[in-house]
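J.: here is the input, now give the coordinates:
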Amino acid sequence: MYLRFYGLREEPFELTPNPKFLFTTVQHAEAIANLQYGLSAAKAVTLLIGEAGTGKTTVLRAALESEPCRHVKAVHLTNPQLSRQEFIETLARSFALSPGAHSSKASLLAELETVVHERRRRGQISALIVDEGQRLSEELLEEIRLLANIETDTEKLLPLVLAGQPELSDRLNETGLRQLKQRVALRCEIKPFELADTAAYIASRIRTAGGDARRLFTREAVTLIQEYSRGIPRSISVICDNALISGFAVGRQPVGRDIVDEVAHDFDLQGDSRGNVETRARVTMSTDHGNGSTHDRSDGADPVLTPPSIDLRPAEGENRAEDSTPGVLDGTVRRQRFSLFGRS
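T.: This is a model prediction of the structure:
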């Protein structure tokens, strides 16, 4: 509804894991590399940890669609609230096993081993990805451990990816799950964005959608988005999308901190505990070009910028990307250090 107003071809902050909008920090690239290796080399268990909304599903999809995993055929289980029997039935159906495998665990394991072994002989790797691992019952985690034992004398036949929130790491430290933890061959973690990552994420998605980030959000708005979202990409997208709707409704471009405050209030967001977003009074101005000067603002308004923009220029001494558009990422890994408040 706001596309024409902001000069966009499509909505930049949809919550679907569209690979077109993939944004990778160094830690995301490392997670993708670990997943690629774990799946393509058939490691027993690869553990993927990340807070809700940090992009676990996105990096999983990126890994599965990559060239190293072209021979991997994965089954993805996303419902952790299953009984043991429901788990058996789901596996049997997902791997296209016979009706007999649906009712008996012994039949399931025997037939599943035969199927994955035959696929491996044809050059395919069968894999199982289990999401929301922190919510799995201990009973199902034990079943997953047993699946990790499907192997020959020389290789694992069913590599597993166990994805979940940080509580999953705590659960694997429990005495009863130590055998499963011992089978974890690779571990990767996705953490929330820092401020520069948030700015680059917003700019990247807007540019992919055909827009110019400098015309959509002020730097102060981006700072508040970072603090209210706590660096969680999903929350960043929700705030940005609603802020653009509000800006469109009142004819505001770019969106300023007052609109972000209003959206955050509507969603009952409290901001980052490391700073009080309601009382921030000193803002570094880009017009000072990093000379350390600050301007006191007690009225909560955005600083006057010329033009109002998110400053995503590389710092002194660093190479510019070939594309001169601010916020552009060079390749799949962010290689530039960005400053929202002028050069540092």
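
J.: how many neighbours does the closest residue to residue 232 other than its chain neighbours have?
T.: In this structure, residue 232 finds its nearest non-sequential neighbour in residue 53, 4.3 Å apart by C-beta to C-beta, 6 or more residues apart in numbering. Heads up, the C-betas are built off the backbone N, CA and C, glycines and all. Using other C-beta atoms under 10 Å, the number of residues around residue 53 comes to 20.

J.: same question for residue 26.
T.: By other C-beta under 10 Å, 11 other residues sit near residue 26.

J.: repeat for residue 244
T.: Residue 244 is flanked by 29 other residues according to other C-beta under 10 Å.

J.: residues touching it, list them.
T.: By C-beta atoms under 8 Å, 6 or more residues apart in numbering, the contact list for residue 244 reads 2, 6, 13, 216, 255.

J.: nearest to residue 38, of those residues?
T.: Distances from residue 38 to the contacts of residue 244, taken as C-beta to C-beta, are shortest for residue 13 (30.5 Å).

J.: was I right to think that closest one contacts residue 237?
T.: Yes. Contact status for residue 13 versus residue 237: in contact at 4.0 Å, counting by C-beta atoms under 8 Å.

J.: quickly list what's touching both of those two.
T.: residue 205.

J.: tell me where the stretch 151-300 of the chain has strands.
T.: Secondary structure of the stretch 151-300 of the chain (DSSP state E, counting those that start in this stretch): strands at 160-164, 184-190, 282-284, 294-296.

J.: rank these by pLDDT, which is bottom?
T.: Among those, strand 282-284 carries the lowest mean pLDDT, a mean of 32.

J.: nearest residue to the residue of the chain most remote from its centre in space, please, no chain neighbours.
T.: Each residue of the chain has a distance to the centre, and by C-alpha atoms, centre = their mean the biggest one is for residue 100: 38.8 Å. In space, and not counting its chain neighbours, residue 100 is closest to residue 107: 4.9 Å by C-beta to C-beta, 6+ apart.

J.: quick one: what helix or strand has that neighbour in it?
T.: helix 105-121 (DSSP states H and E).

J.: give the pairing partners of the next helix or strand after that helix; include direction for each.
T.: Counting by DSSP H and E, the next helix or strand C-terminal to helix 105-121 is strand 125-130. Applying DSSP bridges, strand 125-130 is found paired with strand 72-77 (parallel), strand 160-164 (parallel).
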